[in-house]
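A.B. asks: based on what follows, work out the 3D shape:
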Amino acid sequence: MKMDVTQPREQQVYNAIIWHYSKYAVPPTIRNIIDLTDITSTSMVNYYYKKLVKANLIELVSAKPIPSFLSALIKFYLYKGDSTRWTINSIDSTKELMLSKAV
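C.D. replies: Sure, this is the predicted structure:
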């Protein structure tokens, strides 16, 4: 997914976050981001997280990056006002969220 960023590494970090979600359906750790990019410092990953937050592309929840589009979908489905609870099965690179009713 292409986004409007000023630095190629921001794009790299964002793509790594999306890829990790599409493969594992959980937020990546900072070490996961380091493994998926050419960034070698945890402080630099945090720096790019802050830039992506400022650009409204991700939200940090318990220091874990959540893509903003995914956060909005989760909030919609999990808190839509009825008593149905949903669980996330997976997410793919086209932003399709696979949900199922929780048992």
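A.B. asks: can you list the low-confidence ranges for the chain?
C.D. replies: For the chain, residues meeting the criterion pLDDT under 70 lie at 1-6, 77-103.
A.B. asks: quick one, what contacts T40?
C.D. replies: I34 (Cβ atoms under 8 Å, 6 or more residues apart in numbering). Using the backbone N, CA and C atoms, a C-beta is placed for each residue, glycine as well.
A.B. asks: K50 versus that one, what's the distance?
C.D. replies: Per Cβ to Cβ, to the nearest Å, T40 is found 18 Å from K50.
A.B. asks: ok, S68 next?
C.D. replies: From S68 over to K50 the distance is 14 Å, taken as Cβ to Cβ.
A.B. asks: the two - which one has more neighbours?
C.D. replies: Applying other Cβ atoms under 10 Å to S68 and K50 shows that S68 carries more neighbours, namely 15 against 12.
A.B. asks: surely that one is in contact with L57?
C.D. replies: Yes. If you go by Cβ atoms under 8 Å, S68 and L57 touch, sitting 5.7 Å apart.
A.B. asks: mind listing what's buried in the longest helix along the chain?
C.D. replies: Here the longest helix in the chain is taken by residue count, with DSSP state H as the criterion, and it is helix 8-24. Within helix 8-24, the residues that count as buried by 16 or more other Cβ atoms under 10 Å are 9-18, 20-21.
A.B. asks: cool, and stretch 45-52?
C.D. replies: Going by neighbour count (16+ other Cβ under 10 Å), the buried part of stretch 45-52 is 45, 48-49, 51-52.
A.B. asks: what about T37, neighbour count?
C.D. replies: Look at T37: counted by other Cβ under 10 Å, it has 17 neighbours.
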